[in-house]
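>>> Here is a sequence together with a model predicted from it:
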Amino acid sequence: MKTVKFFYAKKTYDLEVPDDTPVLTSKVDQLASDKPGIEIVREAMEHPIDSPRLSELAKGKPDCVIIISDHTRPVPSRDILPNMVRELREGSPEIKITLLVSTGFHRPTTVEELKSKLGDELYEEFKDHIVVHDAHDPSKNVKVGVLPSGPDCIIDKVAEGTSLLVAEGFIEPHFFAGFSGGRKSILPGVADAVTVMGNHCSKFIDSPYSRTGILDNNPMHEDMLAAARMAKLAYIVNVVIDENKKTVAAFAGNFETAHRRGCDFISDYVCVKPAYADIVITTNGGYPLDQNAYQSPKGMTAGEATVNDGGVIIMLSSCTDGNGGDFFWHIIADEPDIETAYQKFLATPQEKTAPDQWCSQIFARIARKYKVIFVAEPEQKEMIEGLKVEYAPDLATAYARAREIKGPDASLTCIPNGISVVVRE
């Protein structure tokens with residue numbers, strides 16, 4: 001027997017399984033480096049991809065906006081931002097720097113979450129120059145163009161009004177955009193709700209190219225690239241992190257080519273072949289990515305890619321912050337069954353896309369086809385059951401229930417971190 005550790009909140013759930021049980025993990029930890037993350041970032045910024053150095057871009061610029069990630073992303077800002085700030089000031093000593101928090105459709109990031117993310121020193125320096133993006137306040141956003149698919153491209157006025165727009169981020173598999181990072185700092189990061197909903201429409205979500213690890217022919221990715229061009233995103237610093245959230249690689253420069261270089265790089269470490277099984281246990285990678293149900297379809301898609309027809313997916317996601325969006329929850333919870341909800345998604349035209357329906361659509365796509373047992377905190381039981389899946393208070397209970405459903409001889413595959421892998425043939 002062997003022990004498999006599944007990421008959950010700020011701990012792990014351990015499960016004893018037979019030695020021959022497939023465990024699908026990325027190889028990112030093979031990138032372990034003795035160098036501190038801040039040094040890895042500095043070296044990448046000294047050799048930007050298809051771009052002048054940030055210090056050169058800053059010359060003659062009176063101000064700059066750095067788009068930073070919000071509380072739902074484990075971006076190691078303490079490795080990235082000091083390097084970016086230093087180079088900006090080397091190029092323009094008096095440059096005014098604003099940090100714009102790319103919340104996308106998420107709730108606003110709190111002061112305590114910003115302090116945790118930035119650290120005391122960075123927070124104290126920039127606390128009066130931090131803006132939290134609000135996708136739902138039209139007065140704070142402005143149109144900069146039209147997306148290839150038709151909707152208006154509307155972004156935060158703070159991003160549009162600066163003389164130099166740059167962004168931090170990290171690259172990992174993403175369940176419909178292919179990979180995180182790069183152009184996503186703009187769309188959905190600092191985009192208006194109208195733009196986000198147009199891009200996240202049911203037709204695009206239903207596309208076979210809108211899947212984990214796919215960029216080419218991905219209609220969502222193409223819209224996102226166009227939005228970043230219209231926003232005049234001039235430079236990015238994106239990192240790759242290991243399972244312990246440590247920076248192990250960095251890519252700086254042009255937002256398209258530096259990001260693509262990073263995606264190609266990480267693909268060699270995260271792509272795994274499916275090990276089809278009757279029971280699949282997956283997670284959302286633990287804190288901070290499993291704070292709500294809205295984020296949880298990410299880890300579920302990894303299970304979807306390797307579970308047998310009629311199988312059971314056990315999803316571990318603490319959901320300490322609740323559903324992550326009332327719209328997301330009600331779109332499913334207010335329907336009589338999961339199939340009715342799913343068919344309504346498919347019938348929704350682009351201009352009628354509802355807030356958060358993209359995550360609900362993916363959640364429903366999986367829950368209608370497979371038995372889902374969802375492990376979350378006890379206070380979230382009613383919320384989870386509203387999503388038309390079965391609730392379990394811990395992994396042991398969920399696993400026993402899965403064995404009850406599929407039998408003692410059912411095959412098992414384990415995915416300790418469902419968002420760190422791309423499961424494909």
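Received, thanks.
>>> can you list contacts of the helix or strand of the chain with the lowest mean pLDDT?
Here the helix or strand of the chain ranked lowest by mean pLDDT, DSSP states H and E is strand 173-174, holding a mean of 90. Here strand 173-174 makes contact (C-beta atoms under 8 Å, 6 or more residues apart in numbering) with Phe179, Ser180, Lys184, Thr212, Gly213, Ile266, Val270, Lys298, Ile419, Ser420, Val421, Val422. C-beta coordinates here come from the backbone N, C-alpha and C atoms, glycine included.
>>> if I pick the last one, what's in contact with it?
By C-beta under 8 Å, 6+ apart, the contact set of Val422 is Pro173, Thr212, Gly213, Ser267, Val270, Cys271, Val272.
>>> tell me the phi and psi of it?
The phi/psi pair for Val422 (degrees, to the nearest 10) reads phi -110, psi 110.
>>> Give me the nearest residue to it, chain neighbours excluded.
Using C-beta to C-beta, 6 or more residues apart in numbering and skipping the chain neighbours, the partner closest in space to Val422 is Gly213 (3.6 Å).
>>> show me what contacts the one you found?
Gly213 is in contact with Pro173, Gly178, Phe179, Ser267, Val270, Cys271, Val422, Arg424, counting by C-beta under 8 Å, 6+ apart.
>>> And it, which helix or strand is it part of?
Using DSSP states H and E, Gly213 falls within no helix or strand.
>>> Next, work out how far apart it and Ile266 are.
9 Å (C-beta to C-beta, to the nearest Å).
>>> Common neighbours of those two, please.
Shared contacts of Gly213 and Ile266, defined by C-beta under 8 Å, 6+ apart, comprise Pro173, Phe179.
>>> Is Ile281 in contact with Phe6, as I believe?
Yes: using C-beta atoms under 8 Å, Ile281 is in contact with Phe6, at 6.4 Å.
>>> Phi, psi for Ser69 please.
Backbone torsions of Ser69, given as degrees, to the nearest 10, read phi -80, psi 160.
>>> burial count for it?
Using other C-beta atoms under 10 Å, Ser69 has 27 neighbouring residues.
>>> Now do the contacts for it.
Neighbour list for Ser69: Val75, Ser77, Val101, Ser102, Lys117, Glu168, Gly169, Phe170 [criterion: C-beta under 8 Å, 6+ apart].
>>> now with 7 Å?
Ser69 sits next to Val75, Ser102, Glu168, Gly169 when contact means C-beta atoms under 7 Å, 6 or more residues apart in numbering.
>>> can you tell me which residues contact the residue lying closest to Ala159 once chain neighbours are set aside?
Closest residue in space to Ala159, ignoring its immediate chain neighbours: Val190 at 5.0 Å, by C-beta to C-beta, 6+ apart. Counting by C-beta under 7 Å, 6+ apart, Val190 makes contact with Ile67, Leu100, Ser102, His133, Ile155, Asp156, Ala159.
>>> Look up how far Lys140 lies from the second one.
Taking C-beta to C-beta as the criterion, Leu100 is separated from Lys140 by 11 Å.
>>> Next: the fourth one.
For His133, the distance to Lys140 (C-beta to C-beta) stands at 8 Å.
>>> shared neighbours of these two, anything?
The contact sets of His133 and Lys140 overlap at Asp156 (C-beta under 7 Å, 6+ apart).
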